[in-house]
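[1] Next comes the sequence, and after it the predicted model I'd like to discuss.
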Amino acid sequence: MPGELLHTDVGDLTFRVRADGPEDGRPVLLLHGFPETSLSWAAVTPLLTEAGLRTYAPDQLGYSPGARPAEVGAYALPALAQVTADLMTALAIPQADVVGHDWGANVAWALAAWHADRVRSLTAVSVPHPAAYTAAYRSDPEQKERSAYIRLFWQPGRAEELLLADDARRLRRLLGGRSETGVPEEAIDQYVAILSAPGALTAALNWYRAMDSGTPVDRVSLPTTYVWSDGDPAIGRTAAEFCAEFVTGEYRFVELPGTSHWIPEQAPRELATAILERIAST
């Protein structure tokens, strides 16, 4: 992935941030999900920088080796939103168009709700507003079944052991290894190498273990696009369609047929088009 690799301090944490595009370009913050890193945006970034945008893709809390707190509470959503806002300050980005995929989408929703002054527009990818997900989980048996995998992630020690056993066979399968709808094999190798470092996978799983923060995310009043794929095994249509109920700003729902959960890798051009159209409208 071209561009600059920055090492940016936020208090006693040091984040790795991949920056690309013209320095005077409109800033776009790209937030990755589990179990990926900033490299997941490799195919999307060139399409954004060609349009004159300046992109910043951090390795998020727990994924940057220098930003890996041990306390589970550090990964609760309010804390993740705050540290992301603080990272924007450290990068001298007063406001950005924010794009998030998977867990990065959760952080993006929280930023847009709780730090609205820092967000010009929101493009959430795969994961809907947290309240929409919760409503679907409670009302739709299919969504509850789709979410069953999370119960393993809540088990300290056992989850790490199972996911990394046999050359991380289960972690690779989660990423769709060797399938046409999955992440490219070379990218999977990089993610596995990063998450195999001591404490790295535990930090990434702590995002799940801190899910019950007891702080509901407010409705979002900013211009918002939600991009969902009908081939996503984790997020069903009920949750996707509930999302509109939790956005009071101008809203667009983009459905990508025949695409898996790994939208940034599998459909980078379609995703970039949705991002660019959202940015152009604000």
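    Nice, thanks for sending it over. Numbering: from 1, shown residues only.

[2] Near residue 23, how many other residues are there?
    By other CB atoms under 10 Å, 8 other residues sit near residue 23. C-beta here means a position set from N, CA and C on the backbone, and glycine is covered the same way.

[3] where's it relative to residue 54, distance?
    With distances taken as CB to CB, to the nearest Å, residue 23 is found 6 Å from residue 54.

[4] Show me the helices in the stretch 51-200 of the chain, by range?
    Under the criterion DSSP state H, counting those that start in this stretch, the stretch 51-200 of the chain carries helices at the ranges 77-90, 103-114, 130-139, 141-146, 150-153, 158-174, 185-195, 200-209.

[5] For stretch 275-282, which outside residues touch it?
    With contact meaning CB atoms under 8 Å, 6 or more residues apart in numbering, stretch 275-282 is reached by 26, 28, 44, 47-48, 51, 53, 97, 99, 120-123, 223-225, 250, 252.

[6] Next, the buried residues of that stretch.
    275, 276, 278, 279 (16 or more other CB atoms under 10 Å).

[7] now stretch 168-175
    Buried residues in stretch 168-175, defined by neighbour count with 16+ other CB under 10 Å: 168, 171, 172, 174, 175.

[8] Figure out how far the helix or strand residue 254 falls within is from the centre of its chain.
    Using DSSP states H and E, residue 254 sits within strand 251-256. Its chain's average C-alpha position is 17 Å from that of strand 251-256, according to CA atoms, centre = their mean, to the nearest Å.

[9] Can you dump the C-alpha atoms of that strand in CSV for me?
    Output of strand 251-256 as CSV, limited to C-alpha atoms (Å, rounded to 0.1, in the frame of the first residue of the first chain):
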residue,chain,number,x,y,z
TYR,A,251,-29.6,8.9,4.3
ARG,A,252,-28.7,6.6,1.5
PHE,A,253,-28.7,2.8,1.6
VAL,A,254,-26.5,1.0,-0.9
GLU,A,255,-27.0,-2.7,-1.4
LEU,A,256,-24.2,-4.7,-3.2
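
[10] could you say what helices and strands whichever helix or strand comes after that strand packs with?
    On the C-terminal side of strand 251-256, the closest following helix or strand by DSSP H and E is helix 263-266. Packing partners of helix 263-266 (3 or more CB pairs under 8 Å, 6 or more residues apart in numbering; DSSP states H and E): helix 268-280.

[11] Report the angle between the strand holding residue 254 and helix 268-280.
    Interaxial angle of strand 251-256 relative to helix 268-280 (axes from the mean of the first three to the mean of the last three CA atoms, to 10 degrees): 170 degrees.
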